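Participant: quick one, what's the 3D model for this:
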Amino acid sequence: FSAIDSFEDALLSLKDKLKDVPQVVAYAHSHSKIRSKLELLQRIMNHMNQNSMVKMGTRPAELLQQIADLKGSQFNEVAQLAKQIIISKQESLRAVSRKVRGMAKA
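Facilitator: A predicted model of the protein is given here:
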């Protein structure tokens, strides 16, 4: 809906395409809850990060990358948090790698 000026116009366009009013209502309801869904997603990501549940190369890391790639002003905060977690994990991985290489040389 990024090319459509308003939420109301988007709903009318969706109604014309789908011809299914209950489905349009479901989309509208889901869209109206996006802020609370994004806040929940941020809390989940923080919990996973704080409890070392994100390892690079795993499905959670892949999902973080997809979240980091989200476009649109409503996704800025959650995308930024995902990027911060990814960078933090990459830096930790590099530090461990340097430490292992240092131990191997000794």
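
Participant: host element of residue 41?
Facilitator: Using DSSP states H and E, residue 41 falls within helix 34-50.

Participant: following that helix, which helix or strand comes up?
Facilitator: helix 59-68.

Participant: residues of that following helix that come out buried?
Facilitator: 60-61, 64, 67-68 (16 or more other C-beta atoms under 10 Å). For glycine as for every other residue, the C-beta is placed from the backbone atoms N, C-alpha and C.

Participant: adding pLDDT and distance to residue 24, write those out as CSV.
Facilitator: Formatted as CSV, the buried residues of helix 59-68 follow (pLDDT from 0 to 100; distance: C-beta to C-beta, whole Å):
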residue, pLDDT, distance to residue 24
60, 89, 33
61, 90, 36
64, 95, 32
67, 96, 27
68, 96, 30
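
Participant: so what's the residue positioned nearest the centre of the chain closest to, chain neighbours aside?
Facilitator: Centrality entry for the chain: nearest residue to the mean C-alpha point is residue 67, 2.5 Å, by C-alpha atoms, centre = their mean. Of all residues not flanking residue 67 in the chain, residue 82 sits nearest, at 4.0 Å (C-beta to C-beta, 6 or more residues apart in numbering).

Participant: swap in residue 68?
Facilitator: Nearest to residue 68 is residue 82, by C-beta to C-beta, 6+ apart, at 4.0 Å.

Participant: which intervals of the chain have sub-threshold pLDDT?
Facilitator: 1-5, 106 (pLDDT under 70).
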